[in-house]
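**Q** build me a structure from this.
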Amino acid sequence: MAERVDFWFDPLCPFAWATSRWILEVEKVRDVEVHWNVMSLGVLNEAKNPSPAEDEEQLARWTPSRAAIAVEIAYGPEKVGEFYTAAGTEIHNNGNKDYIAATAKALESIGADASLLEDAKTDKNDERLRASHEEGITKVGQDVGTPIVAFAGTAFFGPVITRIPKGEDAGRMFDASVALAEFPYFFELKRSRTEFPQFD
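**A** Down below sits the predicted model:
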């Protein structure tokens with residue numbers, strides 16, 4: 001039976017995007033099954049920022065994660081990964097920083113009802129968004145962001161990567177993560193980043 005890996009993401013985060021493409025590579029070479037979960041940098045940082053109801057920039061930044069929750073509610077959790085791939089490709093690979101337009105394109109590409117975009121511009125599903133966010137963040141603590149990866153009874157923020165390992169390299173990185181997860185007193189390895197994520 002495949003090992004469950006839970007992955008929390010905000011579609012806006014380029015580091016989560018790189019890590020998400022890695023975990024999909026892992027699925028090809030290890031017996032794992034990824035379950036996609038939504039978190040929100042808007043929720044994480046809302047004490048520092050204006051409300052999305054009062055600020056157009058914040059509204060745009062909240063829209064993709066709200067749309068991911070709307071997809072989950074309308075079509076089930078198995079459709080969330082498909083939406084994330086469509087939204088992430090538009091935002092990160094195609095460089096579309098008009099987040100509402102990128103969300104609309106992603107919803108259209110997966111055949112979702114157009115009304116989900118209108119829902120994502122409101123707080124209609126924010127209770128569910130906050131619950132999903134909280135489920136992930138409580139596994140790792142409040143002082144981190146996205147991505148969160150949970151497996152083998154533990155969870156980590158990260159791995160933070162700037163390139164996407166393929167094939168056996170992806171598997172080896174996962175094996176190393178599993179090995180570290182075996183030590184309940186291991187918390188972090190860190191160094192300063194010297195490059196921005198690359199998605200080719």
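
**Q** which residue sits farthest out from the middle of this structure?
**A** What lies farthest from the middle of the chain is residue 185; by CA atoms, centre = their mean that is 25.7 Å.

**Q** show me where this protein has strands.
**A** Secondary structure of the chain (DSSP state E): strands at 3-9, 32-38, 148-151, 154-157.

**Q** could you check how far the residue farthest from the centre of the chain is from residue 88?
**A** Distance from residue 185 to residue 88, counting by CB to CB, to the nearest Å: 34 Å. Glycine gets a C-beta too; all of them are placed from N, C-alpha and C.

**Q** over to residue 31?
**A** Applying CB to CB, the value for residue 31 to residue 88 is 25 Å.

**Q** between the two, which one's more packed in?
**A** Between residue 31 and residue 88, residue 88 has the larger neighbour count (other CB atoms under 10 Å), namely 25 against 9.

**Q** spit out the contact partners of that one.
**A** Applying CB atoms under 8 Å, 6 or more residues apart in numbering to residue 88 gives the contacts 11, 17, 20.

**Q** between those, identify the one with the most neighbours.
**A** Within those, most neighbours by other CB under 10 Å means residue 11, with 29 neighbours.

**Q** my guess is it contacts residue 91. True?
**A** Yes: contact criterion CB atoms under 8 Å: residue 11 and residue 91 qualify, at 6.3 Å.

**Q** quick check: neighbours shared by those two?
**A** Contacts common to residue 11 and residue 91, judged by CB under 8 Å, 6+ apart, are 17, 64.

**Q** ok, how many other residues are close to residue 79?
**A** Look at residue 79: counted by other CB under 10 Å, it has 17 neighbours.

**Q** so who does it touch?
**A** Residue 79 neighbours (CB under 8 Å, 6+ apart): 71-72, 110, 112.

**Q** report the longest helix in the protein, please.
**A** Counting by DSSP state H, the longest helix found in the chain is helix 56-75.

**Q** got any ranges where this protein has weak pLDDT?
**A** By pLDDT under 70, the chain has no low-scoring segment.

**Q** skipping adjacent residues, who's closest to residue 43 in space?
**A** residue 133 (4.8 Å; CB to CB, 6 or more residues apart in numbering).

**Q** residue 123 now?
**A** Nearest one to residue 123, counting by CB to CB, 6+ apart, is residue 53 at 7.0 Å.

**Q** what's the burial count for the one you found?
**A** Under the neighbour criterion other CB under 10 Å, residue 53 is assigned a count of 11.

**Q** which phi and psi values does it adopt?
**A** Per-residue torsions, residue 53: phi -70, psi -20 (degrees, to the nearest 10).

**Q** pull up the gap between residue 106 and residue 22, please.
**A** Residue 106 is 20 Å from residue 22, where distance means CB to CB.

**Q** what segments of the chain are helices?
**A** Taking DSSP H, the helices of the chain run over residues 14-29, 41-44, 56-75, 80-88, 99-109, 115-120, 126-140, 167-181.
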